[in-house]
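Undergrad: sequence unavailable; structure follows:
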Ligand SMILES: [Zn+2]
């Protein structure tokens, strides 16, 4: 008979995100193996689990791990915050994006994913859904496995126009099937991912959707982030994008659409009917000037009780991988674009970052809240840091408006501590610095991309 795993108690004010949205003042979460085995007051949980190791103190704030529904793990990180923020729409594609992706090696993919996932974990993001721009998804999966992050990985697929990893439908689907067969431990799963926009034929999106349905996995693709996107679909198909995709039978609850910034009423109806989810990446829209402040359809989706998650997108489109910062921006956009502060707030935004994001991405049975039986993905904010002093009586209000990922001190994924005292436990991220600098420079040289600074660097 094997001994049961030791129990750990994570102490603090516990924001459970359960159905009643209970917050437990001096609470604790009991963790055994990969799972949560108890949630309650510190006193009661201590009595129930007398031989446990206690982590943290009553001043800490404990939350379920944050969920990032759209994140590029390759292509941007090694040249992060380098693509100028004053390029015309689409200008970066052939100057930056395509050459970089064409030159990204397997080592670059793994290093890039390691850095981004490490940043995500240190900011409390425990579940990442990869946007699918990878040449070597198995190397991205290996990065997640090594660092202990929960990841859904995808691989690049498109069949319209030229570019790296574009190909005929059968070839693209074969690549997707191999990505679904990646085995990198219990934290890594796969989904079907197409680039999106105008880069998928009807035949491809139908085949990809059928593949996802038959394997019981998700399907993701980009859709209508730019103001001009619906017009190009109309020209090609005679219909708005979501109306067209619905007519093909490609949409359903298994679909997570990245962006969907520019939607009309008929497309909102399609989302309500098909229950396809949308992932909103508000920092990307601001960084790229995509018109979110004049057309905030994501709030309409939320008002219709649609399925919605938050994402941080890419390190040249939103740049920081910080869920709390993203949630705060979403809440601010909701209030300001409505000119109505009552419409949506910090608590709604935290739901999108946790339980509602998990529901939108089909993983709410295992993560997204602190409840017995769920995976022990936990984030601890240190409320002795200066921005938390003095504590507000409403910890959620203070979390979203008064803080960000900086106060994340400890993080657990599936019961394993992956961040301790603000540092990744599985590797020395600082030691990766030289490797990241060298790889970034080599990549720039091979891809022949510029290295501009608007102001002279002397
Ligand atoms: Zn994206």
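TA: In hand now; what should we look at? Only a predicted model underlies this, so the values are computations on that prediction, with no experimental measurement involved.
Undergrad: show me where the stretch 101-250 of the chain has helices.
TA: All helices of the stretch 101-250 of the chain, identified by DSSP state H, counting those that start in this stretch, fall at 106-122, 137-147, 169-180, 202-215, 229-237, 241-247.
Undergrad: okay, and the helix or strand of this structure with the least pLDDT?
TA: The weakest-scoring helix or strand in the chain, judged by mean pLDDT, DSSP states H and E, is helix 91-92 (a mean of 82).
Undergrad: can you list the helices and strands that that one packs against?
TA: If contacts are counted by 3 or more Cβ pairs under 8 Å, 6 or more residues apart in numbering; DSSP states H and E, helix 91-92 sits against no helix or strand. Heads up, the C-betas are built off the backbone N, CA and C, glycines and all.
Undergrad: next one: the nearest residue to residue 110 once chain neighbours are set aside from residue 392, what distance?
TA: Counting by Cβ to Cβ, 6 or more residues apart in numbering, the nearest residue to residue 110 once its immediate chain neighbours are dropped is residue 139, at 4.0 Å. Separation of residue 139 from residue 392 (Cβ to Cβ, to the nearest Å): 43 Å.
Undergrad: list the residues that contact the spatially most central residue of the chain.
TA: Taking Cα atoms, centre = their mean, the centroid of the chain lies closest to residue 68, which sits 1.9 Å from it. Residues near residue 68 by Cβ atoms under 8 Å, 6 or more residues apart in numbering: 120, 125, 127, 128, 129, 310, 311, 312, 321, 323.
Undergrad: restricted to strands, list the residues you listed.
TA: 125, 127, 128, 129, 310 (DSSP state E).
Undergrad: thought residue 285 was touching residue 295?
TA: No. Counting by Cβ atoms under 8 Å, no contact exists between residue 285 and residue 295, whose distance comes to 9.9 Å.
Undergrad: now for the residue nearest to residue 403 when sequence neighbours are not counted: which residues touch it?
TA: The spatially closest residue to residue 403, leaving aside those adjacent along the chain, is residue 387, at 5.3 Å (Cβ to Cβ, 6+ apart). Residue 387 makes contact with 402, 403, 406, 407, according to Cβ under 8 Å, 6+ apart.
Undergrad: need phi/psi at residue 387.
TA: Main-chain torsions, residue 387, degrees, to the nearest 10: phi -70, psi -10.
Undergrad: for it, give its distance to residue 247.
TA: In terms of Cβ to Cβ, residue 387 sits 50 Å off from residue 247.
Undergrad: how close does the closest residue to residue 117 other than its chain neighbours get to residue 382?
TA: Distances taken as Cβ to Cβ, 6+ apart put residue 149 closest to residue 117, at 4.3 Å, once the chain neighbours are dropped. Here residue 149 is placed at a distance of 21 Å from residue 382 (Cβ to Cβ).
Undergrad: next one: residue 173 from residue 138, what distance?
TA: Residue 173 is 18 Å from residue 138, by Cβ to Cβ.
Undergrad: typo on my end, it should be residue 274
TA: 32 Å.
Undergrad: just residue 113 next, same as before
TA: Distance, residue 113 to residue 138, by Cβ to Cβ: 11 Å.
Undergrad: higher neighbour count, those two?
TA: residue 113 (31 against 19; other Cβ atoms under 10 Å).
Undergrad: report the contact partners of that one.
TA: Contacts of residue 113 by Cβ under 8 Å, 6+ apart are 73, 74, 77, 139, 140, 143, 144.
Undergrad: who touches residue 234 in this structure?
TA: Residue 234 neighbours (Cβ under 8 Å, 6+ apart): residue 240.
Undergrad: go on, residue 28?
TA: Neighbours of residue 28 in contact, by Cβ under 8 Å, 6+ apart: 9-12, 14, 38-42, 45-46, 54.
Undergrad: try 10 Å this time
TA: When contacts are counted by Cβ atoms under 10 Å, 6 or more residues apart in numbering, residue 28 touches 8-12, 14, 38-46, 48-49, 52, 54-56, 58, 62.
Undergrad: swap in residue 155?
TA: For residue 155, the contacting residues are 130, 132-138, 140, 165, 172, 175-176, 178-180, 182, 190-194, by Cβ under 10 Å, 6+ apart.
Undergrad: and for residue 355?
TA: Residue 355 sits next to 16-19, 21, 64, 67, 364, 367-371 when contact means Cβ under 10 Å, 6+ apart.
Undergrad: distance check, the residue nearest to residue 403 against residue 407.
TA: 7 Å.
Undergrad: kindly report the same for residue 8.
TA: Taken as Cβ to Cβ, the span from residue 8 to residue 407 is 21 Å.
Undergrad: residue 124 now?
TA: Taking Cβ to Cβ, one finds residue 124 at 9 Å from residue 407.
Undergrad: which of these two has more neighbours?
TA: The neighbour comparison of residue 124 against residue 407 (other Cβ under 10 Å) goes to residue 124, with 27 against 23.
Undergrad: wait, that one sits on residue 312?
TA: No. Contact criterion Cβ atoms under 10 Å: residue 124 and residue 312 do not qualify, at 12.0 Å.
Undergrad: what is in contact with those two at once?
TA: Residues touching both residue 124 and residue 312 by Cβ under 10 Å, 6+ apart: 66, 322, 323.
Undergrad: which residues does the last one contact?
TA: What that stands for is residue 323. Counting by Cβ under 10 Å, 6+ apart, residue 323 has contacts 65-68, 120, 123-127, 310-312, 349-350, 352-354, 357, 379, 404-405, 408.
Undergrad: pretty sure the residue nearest to residue 110 sits against residue 106.
TA: Yes. Applying Cβ under 10 Å, one finds residue 139 in contact with residue 106, separated by 4.7 Å.
Undergrad: neighbour count winner among these two?
TA: Neighbour count, other Cβ under 10 Å: between residue 139 and residue 106, residue 139 has more, with 24 against 15.
Undergrad: list the contacts for residue 183?
TA: Contacts of residue 183 (Cβ under 10 Å, 6+ apart): 138, 141, 145, 190.
Undergrad: quick one: buried ones out of these?
TA: Buried members of the contacts of residue 183, scored by 16 or more other Cβ atoms under 10 Å, are 138, 141, 145, 190.
Undergrad: how about those in JSON lines, adding pLDDT?
TA: Output for those, formatted as JSON lines (pLDDT from 0 to 100):
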{"residue": "138", "pLDDT": "96"}
{"residue": "141", "pLDDT": "98"}
{"residue": "145", "pLDDT": "98"}
{"residue": "190", "pLDDT": "97"}
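Undergrad: coming back round to it: of the shared contacts of residue 124 and residue 312, closest to residue 434?
TA: Set against residue 434, the nearest of the shared contacts of residue 124 and residue 312 by Cβ to Cβ is residue 322 (24.9 Å).
Undergrad: residue 430 versus that closest one, what's the distance?
TA: For residue 322, the distance to residue 430 - Cβ to Cβ - is 19 Å.
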